[in-house]
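Undergrad: task: produce atomic coordinates for the following.
(chains A, B, C and D)
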Number of protein chains: 4
Amino acid sequence: MDKIKIGIVGGTGYTGVELLRLLAQHPAAEVVAITSRSEAGQRVSDLFPSLRNHMALSFSDPAITDLRGCDVVFFATPNGIAMQQARALLDAGVRVIDLAADFRLKDATEWEKWYGMPHACPELLAEAVYGLPEINREAIRKARLIANPGCYPTAIQLGFLPLLETGAIDPASLIADAKSGVSGAGRKAETHILLAEAAENFKAYGVGGHRHLPEIRQGLEAIANKTVVLTFVPHLTPMIRGIHATLYATLQREIDLQALFEARYADEPFVDVLPQGAHPETRSVRGTNLCRIAVHRPLGGDTVVILSVIDNLVKGAAGQAIQNMNLMFGFAETTGLAQIALSP
Amino acid sequence: MDKIKIGIVGGTGYTGVELLRLLAQHPAAEVVAITSRSEAGQRVSDLFPSLRNHMALSFSDPAITDLRGCDVVFFATPNGIAMQQARALLDAGVRVIDLAADFRLKDATEWEKWYGMPHACPELLAEAVYGLPEINREAIRKARLIANPGCYPTAIQLGFLPLLETGAIDPASLIADAKSGVSGAGRKAETHILLAEAAENFKAYGVGGHRHLPEIRQGLEAIANKTVVLTFVPHLTPMIRGIHATLYATLQREIDLQALFEARYADEPFVDVLPQGAHPETRSVRGTNLCRIAVHRPLGGDTVVILSVIDNLVKGAAGQAIQNMNLMFGFAETTGLAQIALSP
Amino acid sequence: MDKIKIGIVGGTGYTGVELLRLLAQHPAAEVVAITSRSEAGQRVSDLFPSLRNHMALSFSDPAITDLRGCDVVFFATPNGIAMQQARALLDAGVRVIDLAADFRLKDATEWEKWYGMPHACPELLAEAVYGLPEINREAIRKARLIANPGCYPTAIQLGFLPLLETGAIDPASLIADAKSGVSGAGRKAETHILLAEAAENFKAYGVGGHRHLPEIRQGLEAIANKTVVLTFVPHLTPMIRGIHATLYATLQREIDLQALFEARYADEPFVDVLPQGAHPETRSVRGTNLCRIAVHRPLGGDTVVILSVIDNLVKGAAGQAIQNMNLMFGFAETTGLAQIALSP
Amino acid sequence: MDKIKIGIVGGTGYTGVELLRLLAQHPAAEVVAITSRSEAGQRVSDLFPSLRNHMALSFSDPAITDLRGCDVVFFATPNGIAMQQARALLDAGVRVIDLAADFRLKDATEWEKWYGMPHACPELLAEAVYGLPEINREAIRKARLIANPGCYPTAIQLGFLPLLETGAIDPASLIADAKSGVSGAGRKAETHILLAEAAENFKAYGVGGHRHLPEIRQGLEAIANKTVVLTFVPHLTPMIRGIHATLYATLQREIDLQALFEARYADEPFVDVLPQGAHPETRSVRGTNLCRIAVHRPLGGDTVVILSVIDNLVKGAAGQAIQNMNLMFGFAETTGLAQIALSP
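TA: Numbers count the residues shown, from 1 in each chain, chains lettered A, B, ... in the order given. Next up is the predicted model:
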């Protein structure tokens, strides 16, 4: 099979190296260029020894790297980069998957408020497809430009989806208490995510307002087709990978919750509804593209509790990006994404 | 100063060794006996090397140890032991502080339902004082028998207390999403709390119903003086010590939340209300008897979010027991409890 | 391709589940039976949720499971089990790979001294091939019975191998200071490997004599063809997987150490010699069958320092067992063993 | 009792905050100034919430803070700062304790080689007393200027001390395989000590030559009164605090090792020799000023193995500095240093 040619912009962060891990094992994809201003000239496997003998490429200087010969370019960059370069790539016929937030919000004003900078190409926001296959599969197949969802938004939307689209819960009563491993903060030299600071510790952050909130709200409102009121509290957990979203809502009609979730996700290759009464563990999806979900109704009351776990770097970032790529290029959706989590 | 004589029943678990650590530094207390069936004859400091040169005692056989000469006996035992022995000790004039659950619920039927065994002395339930000093300080001073609160219940009740007692929140809307370090599961040889199972992992448990639920509900209803509806979801966190309770409720009238909390806890030596906008970290209370609390109202909405952290083994167990002892014996409430958390 | 039929005895420990993870991804192997006394009847994926949708098998009762139809049977059992059953399987034409220690020592008396029980079939010790492919590849291809090496012995022998077989070091001067993640202690309900005991802690153990010592010594003496004197100190490290062996020896002649190691391992698919001056990290081999090695000569002195890392459950157990299986059945040696380590 | 006045230069690192924790509990010491260029004006307890209600001080600007009124000034700064300021303080009659490396080596040329900068006041090197009380207690009592030992050097010298000073081991055969928690790398925003990089990982570093090597060698040679040959390999361990030094040497005469160590340290308040056969755990000294040591002779051979553990931030830094201060000011040596390690 002819392999598609892949470019990666900004490959030195955690989503970048995770793309490399997954693409190195993908039978239909070949990474032909990976750019990094800071590491240009260095071999990828020198920075990431896990890739020794799996990836011969070196980082190239973004200023002189022409990505227009690629079939698809992934942006694994900080927010604000992809929107500078997407137009030129699209014009050259290259498809674009942005793992950052540049194209996630439909409303440029809202985006600018949360991200604190003017948007460089608001005219592309309407075209950009929000890359959550469980909701937008058909649009993704035809898309030129994918806004790959954030990690928290993936876990939370997949958890609320069956309930909101069937009107089973009150959309004005939503609470998402989410816990993330520290890799979610990125590969940045910052004090608060040092092992000596973040190990043996647990804390909430951003309770006053986190950038993923408008993204989640936009997604949930599209599902519910009405206004939702969501309280979202993220927490930093002393582990490397994993998101556990604990979701709360008020039931507004009787429904068989277990059957609802099982039916909704019966054909989804990457959403696994656990048996009644189960508690999904983040480690059970570590390194995989799975979202595992369990639904509870404690003591038979009106509050439904959904437990939703993903690996923030896979289903919450690089794996979902490749799932989107598979859809865009007509590959089987699971191609290259069949990893089994390490246990223990 | 004459020291009071202390007996400890069941000193080989985590609450037991934590009592020993704190009592070894207490200027007015002397541990005269510590019993353990399994370790009888062994020196305490052989089992817990951290106590070498701080504690000369050996474990004694509970079958032959007469604790009736003690001023106070702490039960750091599994549920169901203290209720067998409390009566005889009280009759001998010994005060009793139970760190297990035997005397926490006022309703024996409810207790038997959650703990799965008949209660051995239901007639003592009315007399037993629930040892949360921030609520029951005066009763504790006069008590013969203290039911020391559970770890989750301590963090959760202190978080909801100012809001419930002033009627600021709807008591039918309470959610407590709580996260605990694994020492909360005790020093038991069980597979699921092995490092290889619990590290790099996060999960909820007991969503269907946890034994601390009726205890919390009883406490909150006493505070609110009306029925409360509470959803309580505990989670296991990959760290040794610490509880972080994230609490949600619906405001039912306008109130200055920060001022409310600061006023309520102004004179409390072990509750520290953080400044507006803060996020308490569990490590900031590790090894100390403090509860640190922050209160948030995200985006000015109707949902109030309270963040409450304690060390599950100190304010959530042994430290609070000593705080109760200090009150019972007329010592300054903070005696022996001025530890500073390690940082980092 | 016709798949070979595989049986696993004792699949509920960490080496068992790791075999399952690797074999589920192996294109030429099919697990047809996995036995467990304690879990008979339960689905494998109920005990190990990481295997949901990857492994349909249930545990079967060893008392009634006939493994004589298998092509190969792996023993992932405690020491002392395989030696009871190997004879019957071999007689039925089934090949056997023992991941425990039953066939690792050639001297039955020595084995009985270290393992504290009589050996059930000492007559098989001579036939059993020690399954370290980098030393015994040709014998492994023809073997009926493989003694799969221990985790420490694998890391340590591969580190000393080039130096000992060339006589570059004094065989009477060897020190192996080895550090292991806690999964090396197995999936056993024991207090000392609880997260609350083993996290935030580091300690040596078994300094007086560890069972892997005679195995390592036997292997090193076979390489050196003379007596070796080895001091072996294992340590417990607060992480799940990984062994880091730091090896010390006295050089007895001048030699280009880097060139020696690179030449020795040039054709080895699973030994990766790092560039001069490097320090291998255990995480770079996590989940993979690799041994990564760096060789140092600090300040140009007479002491050579070798750093050797493996994943104790893969190259130190299940992965090496499959490497041996590949050799025994004529598959490419790397079949099913191309995993890339997670990073981070 | 009149308290001595203490100044701290550079209080935002881990040794600085550890000094604050310990001094806040010291009955005879009062911190009157703590400087930090970056945090000037901020309250100490805002940066380190563990100190809320224990420390009212704010950081002051070093450029305008006059420390000449202090009785003693601690430098908790990077290397190269104390040597700029020590002269002026000493001339003003202020005693100085440097927790960095500026005064640790007696040979300025050697110092400049390892630390890569010219020494600002080599004339003070002869006067500076190396602050290891177990060796230099009397000199410390009279010192004006203390070079507080490094963390690795403390653990390693205390381990070898009884053997070297009695000539029991060959000084040309020493190996120190040392493992440190990541707080030893300081509170620096560097990628390699992020939790996502350093957790679930183990690696050696600096095998080619670490700055603590000349310090250790200088100390050991002073003890042995002859040249020593030492191989020193440090490792990074996935935990916050703790050093475990595993030391190897060749015995050159018969000696009762256990008796030797017990006699040597019988009167030392902070060195605890464990019983025969024990393995000290780093957690048993966490947060304390203790060094715990066990001595082994595996299988009765010629190699002695010493296991020596400390808390790198206490006996390896701030605690030892206060022990030195106690000696210099005539306080009981253990004043303020009686903490008990958390367990678990």
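Undergrad: can you give me the neighbour number for the residue nearest to A:E110 when sequence neighbours are not counted?
TA: Spatial nearest neighbour of A:E110, chain neighbours left out: A:P214 (5.5 Å); criterion: CB to CB, 6 or more residues apart in numbering or on different chains. Every residue, glycine included, has its C-beta placed from N, CA and C. By the measure other CB atoms under 10 Å in any protein chain shown, the count of residues near A:P214 is 23.
Undergrad: quickly find the element holding A:P214.
TA: helix A:212-224 (DSSP states H and E).
Undergrad: now do the buried residues in that helix.
TA: By 16 or more other CB atoms under 10 Å in any protein chain shown, the buried positions in helix A:212-224 come out as A:H212, A:L213, A:P214, A:E215, A:I216, A:R217, A:Q218, A:G219, A:L220, A:A222, A:I223, A:A224.
Undergrad: equivalent analysis for stretch A:219-238, please.
TA: Residues A:219-220, A:222-224, A:228-238 are the ones in stretch A:219-238 that count as buried (16+ other CB under 10 Å).
Undergrad: using PDB, write out every CA atom in that stretch.
TA: Taking C-alpha atoms only, stretch A:219-238 is exported to PDB below (Å, rounded to 0.1, in the frame of the first residue of the first chain):
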ATOM      1  CA  GLY A 219     -20.100  20.600  22.300                       C
ATOM      2  CA  LEU A 220     -22.700  19.800  24.800                       C
ATOM      3  CA  GLU A 221     -25.100  22.500  23.600                       C
ATOM      4  CA  ALA A 222     -24.800  21.100  20.000                       C
ATOM      5  CA  ILE A 223     -25.700  17.700  21.300                       C
ATOM      6  CA  ALA A 224     -28.500  18.900  23.500                       C
ATOM      7  CA  ASN A 225     -29.700  21.500  21.100                       C
ATOM      8  CA  LYS A 226     -30.300  23.800  24.000                       C
ATOM      9  CA  THR A 227     -28.400  25.900  26.500                       C
ATOM     10  CA  VAL A 228     -26.400  23.900  29.100                       C
ATOM     11  CA  VAL A 229     -25.200  25.100  32.500                       C
ATOM     12  CA  LEU A 230     -21.900  23.300  33.300                       C
ATOM     13  CA  THR A 231     -19.700  23.600  36.300                       C
ATOM     14  CA  PHE A 232     -16.200  22.200  35.300                       C
ATOM     15  CA  VAL A 233     -13.500  21.700  37.900                       C
ATOM     16  CA  PRO A 234     -10.200  20.200  36.800                       C
ATOM     17  CA  HIS A 235      -7.700  18.700  39.200                       C
ATOM     18  CA  LEU A 236      -4.000  17.700  38.900                       C
ATOM     19  CA  THR A 237      -3.300  14.100  39.900                       C
ATOM     20  CA  PRO A 238       0.100  12.700  40.800                       C
END
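Undergrad: what mean pLDDT does that stretch have?
TA: Mean pLDDT, computed over stretch A:219-238, is 98.
Undergrad: anything in it near chain B?
TA: Yes: judged by CB under 8 Å from any CB of the partner chain, stretch A:219-238 comes into contact with chain B at A:V229, A:T231, A:F232, A:V233, A:H235, A:T237, A:P238.
Undergrad: do the same with stretch A:311-320
TA: No: with CB under 8 Å from any CB as the threshold, stretch A:311-320 lies outside contact range of chain B, at a closest distance of 11.2 Å.
Undergrad: that stretch - what's its average pLDDT?
TA: So the average pLDDT for stretch A:311-320 ends up being 98.
Undergrad: how far off centre is it?
TA: How far stretch A:311-320 lies from its chain's middle: 5 Å, per CA atoms, centre = their mean, to the nearest Å.
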